[in-house]
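1. Sequence unavailable; structure follows:
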């Protein structure tokens, strides 16, 4: 498939005509070129090299996407990149998606710490990270302010089973 619209037609989704922005497309292409074998289902960690779509069930509309920045490192840390389409921002979609990612991490024990980088001026992202109890990473050794936030998953506690209860703590 050559475009998002092609995929929407193939998957019987609402065709929006919205395509992946060039900067995001370049990141994906670069990631695929750096580790081409990681992007196949034959790789046991292919889920960390997958372009995940967020779809509204009611309208069958793609409203955003996220991807992991590769598989977890030796400490069980993984970074996630999110993008929610403009008309769907500030509706809790990224927050709900992040809750599902944290549930999955807790249940599978594939990773134990999630990092997200965002601009401090992105008020919606900051509100979502605060709601999910993400913590700001410390400044680097040169005291440059960090733009990364993290959340640790504790495997010794029950995993989140519903959105009202969040047993994950910092």
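-> Happy to help now that I have it. None of these values were measured; they are calculated from a predicted model.

2. Return the distance of the least confident helix or strand in the chain by mean pLDDT from the chain's centre.
-> In the chain, no helix or strand scores lower on mean pLDDT, DSSP states H and E than helix 22-34, which sits at a mean of 76. Helix 22-34 sits 16 Å away from the centroid of its parent chain (CA atoms, centre = their mean, to the nearest Å).

3. now what about it, what contacts it?
-> Contacts to helix 22-34, defined as CB atoms under 8 Å, 6 or more residues apart in numbering, come from residues 20, 39, 49, 51, 67, 69-70, 81, 83. In short, each C-beta sits where N, CA and C put it, glycine included.

4. Which positions within that helix qualify as buried?
-> residue 31 (16 or more other CB atoms under 10 Å).

5. and the next element down the chain from that helix?
-> Downstream of helix 22-34, the next assigned helix or strand under DSSP states H and E is strand 52-56.

6. Quickly run through the sheet partners of that next one, with directions.
-> strand 61-68 (antiparallel) (DSSP bridges).

7. Can you get me a residue count around residue 155?
-> By other CB atoms under 10 Å, the residues close to residue 155 number 11.

8. what do you get for residue 141?
-> Look at residue 141: counted by other CB under 10 Å, it has 6 neighbours.

9. The top helix by length along the chain versus strand 52-56: what angle between them?
-> Ordering each helix of the chain by length in residues (DSSP state H) puts helix 93-108 first. Interaxial angle of helix 93-108 relative to strand 52-56 (axes from the mean of the first three to the mean of the last three CA atoms, to 10 degrees): 120 degrees.

10. Which neighbouring elements make contact with the helix or strand that helix 93-108 is followed by?
-> Sequence-wise, the next helix or strand downstream of helix 93-108 (DSSP H and E) is strand 113-117. Under the contact criterion of 3 or more CB pairs under 8 Å, 6 or more residues apart in numbering; DSSP states H and E, strand 113-117 touches strand 77-84, helix 93-108, strand 148-152.
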